[in-house]
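Chemist: Have a look at this prediction, sequence included:
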Amino acid sequence: MNAPHAMMPLPPDAPPLEQVHAKKIGDVILDIKNISLRFGGVKALTDISFNVKEHEIRSIIGPNGAGKSSMLNCINGVYTPSEGSITFRGQTFAHMNSRQVAEMGVARTFQNLALFKGMSVLDNIMSGRNLKIKSNLFMQALRIGPAEREEIKHREFVERIIDFLEIQAYRKTPVGQLPYGLQKRVDLGRALAMEPQVLLLDEPMAGMNVEEKQDMSRFILDVNDEFGTTIVLIEHDMGVVMDISDRVVVLDYGKKIGDGTPDEVRNNEDVIRAYLGTSH
Amino acid sequence: MGFFLETLLGGLMTGMLYSLVALGFVLIFKASGVFNFAQGAMVLFAALAMARFSEWIPAKFGIDNVIVANVLAFIGAGIMMFIVAWLIEKLVLRHLVNQEGATLLMATLGITYFLEGVGQSLFGSDIYKIDIGMPKDPVIVLESLFQGGVMVNKEDLIAALIAAALVALLTVFFQKTKTGRALRAVADDHQAAQSIGIPLSTIWVIVWCVAGVVALVAGMIWGSKLGVQFSLTTVALRALPVVILGGLTSVPGAIIGGLIIGVGEKLSEVYLGPYVGGGIEIWFAYVLALVFLLFRPQGLFGEKIIDRV
């Protein structure tokens, strides 16, 4: 990818999504090879391989307990896989912690909201810029010279995210007081503030009503279009995923049972069996 | 009236010292969700270090200037607190990430006894004095308003100024800097903080250091008033009601809570004492804290408890 996106163009009156959704999918950015993950005797993941290409929306689906979140947590560095390797932009790593992954340009959201509840919406999203703030402590405290300019620059970026997610009215509200759907947006906003190259979304639509799901789908597609951010999405609701994904991986009981475009996956026998059950 | 004001002032001064200790509790709780029982032991440890360094350093390097000697002793004690913070993170906290609050509390209880023991074997267990050259003579003010005026200790005034400066510094640090924001983020959610690239271990060292410096300032002021001795650790117990009153997560709460309790203790002792037989000072703070727990458990400024059902 080119230089990090310094500006976020606003979508004032966006044309219908289908037209904008012009694809510019690039090379493989994230390559997952033979990942297995065990917790004691429990096999959470067995020999999973798939890749993610630049600028695409890649979904991981599967029934409850299929290992979706475990997979995401391996990519994010929360879990260290027992076997296998993950290659990100040509760099292979076996041991990684969340912080190193964040520094490499991977951001994530959480299935069970993990926001800084006591802090305002603005501060929550601003905290996503922490890695980018370079001026030193004393300059920041005294608000002098470059520190002041830097703060303003980052604040402008955060304001754009706030506009983009349509949460202007809640800037100063402590996040803990917001309704669930809005908290999910703040979570997304914080991840966007990192200007990630890859964005991992862990069930962004869990527990939402139809309208909220539509809003969230629109945000995800917009992020992908406007920034070209690569998105890895976990969802358990098939419908939404099939509409917005470029390619889908299906997991069941920790094993990969399908991989391909939404249409291919939809007609895959194993997938149908996993979702609908079979008569044994 | 003059007597009332004197009592009030005396209360404010004691309260300020409670505030400083409570501040240490709040800082660590805010940043790591740990209720640090060892704050009192840290005050003792810091005060001991300060007292002994201000003896040793002039003796060793032949420094006569009191101010230079004290500044050096303060820096030396500060370095000791940094080492303590670093060791606590490295040996204790790092291994207890994501554990229950009770586990962490027990760990800090262990740290308390450890610090008390090590502090005394390193620095000795006598009573030492810290002399930072504060003027001890009282001044009489407002003589024209009341008969006899109001007696104020210059020493107390200077102490109040030091405390105020420290609080202002901390507020700026927490609200205006990237590190401050990271500290608040870690306080709310460890995992999310890591996901946006905040290094947990560094943050913990920083916050324990800051709490160590606050303990040092508290120990220095307290020690220069009353001498450095083992009983300093009980100060921590006096600061518990302050924290309940002010709210565990609020810096202003710790300050105001401390002042309220300091003043409340002194006034109730003087004005209610005669009717109930005295000794109110000892339990007043705890009863007040109990009342708060019943009616406003989050304290005056604590985060509002929102329950989603």
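Modeler: Perfect, thanks for sending it. Residues are numbered from 1 along each chain as shown, chains lettered A, B, ... in the order given.
Chemist: drop to CA atoms for contacts and neighbour counts, all remaining ones
Modeler: Fine.
Chemist: Contacts (any at all) between chain B and the helix or strand hosting A:V158?
Modeler: Element membership for A:V158 (DSSP states H and E) is helix A:145-164. No. Using C-alpha under 8 Å from any C-alpha of the partner chain, helix A:145-164 stays clear of chain B, coming no nearer than 9.5 Å.
Chemist: I'd like to know which elements the one helix or strand B:L183 maps to is packed against.
Modeler: According to DSSP H and E, B:L183 maps onto helix B:178-188. Secondary-structure packing of helix B:178-188 (3 or more C-alpha pairs under 8 Å, 6 or more residues apart in numbering or on different chains; DSSP states H and E): helix A:121-127, helix A:137-142, helix B:2-32, helix B:154-176, helix B:190-195, helix B:200-226.
Chemist: 6 Å instead, please
Modeler: In terms of contacts (3 or more C-alpha pairs under 6 Å, 6 or more residues apart in numbering or on different chains; DSSP states H and E), helix B:178-188 is packed against helix B:2-32.
Chemist: The helix it packs on near chain A anywhere?
Modeler: No. Helix B:2-32 stays clear of chain A (C-alpha under 6 Å from any C-alpha of the partner chain), getting no nearer than 10.2 Å.
Chemist: Please apply the same query to stretch B:248-260.
Modeler: No. Applying C-alpha under 6 Å from any C-alpha, one finds stretch B:248-260 separated from chain A by no less than 9.5 Å.
Chemist: How about residues contacting that stretch?
Modeler: Stretch B:248-260 is contacted from outside by B:12, B:15-16, B:18-19, B:22-23, B:26, B:30, B:242-243, B:245-247, B:301-302, using C-alpha atoms under 6 Å, 6 or more residues apart in numbering or on different chains.
Chemist: In stretch B:121-134, which of the residues would be classed as buried?
Modeler: B:F123, B:Y128, B:K129, B:I130, B:D131, B:I132 (16 or more other C-alpha atoms under 10 Å in any protein chain shown).
Chemist: Take the residues you listed and keep only those in helices.
Modeler: Judged by DSSP state H, the buried residues of stretch B:121-134 include B:F123 as members of helices.
Chemist: ok, which of the buried residues of stretch B:121-134 also contact chain A?
Modeler: Among the buried residues of stretch B:121-134, not one lies near chain A by C-alpha under 6 Å from any C-alpha.
Chemist: For chain B, give the residue positioned nearest to chain A.
Modeler: B:G197 (4.3 Å; C-alpha to the nearest C-alpha).
Chemist: Spatially nearest residue to B:I158 (excluding sequence neighbours)?
Modeler: Excluding the flanking residues, the one nearest B:I158 by C-alpha to C-alpha, 6 or more residues apart in numbering or on different chains is B:M134, at 7.6 Å.
Chemist: can you check A:E103 too?
Modeler: Using C-alpha to C-alpha, 6+ apart, the closest residue to A:E103 is B:G197 (6.2 Å).
Chemist: Am I right that the one you found is in contact with A:Q100?
Modeler: No. Look at B:G197 against A:Q100 with C-alpha atoms under 6 Å: they stay out of range, at 7.0 Å.
Chemist: Look at the two and report which has more neighbours.
Modeler: Remark: of B:G197 and A:Q100, B:G197 carries more neighbours, 26 against 19, as counted by other C-alpha atoms under 10 Å in any protein chain shown.
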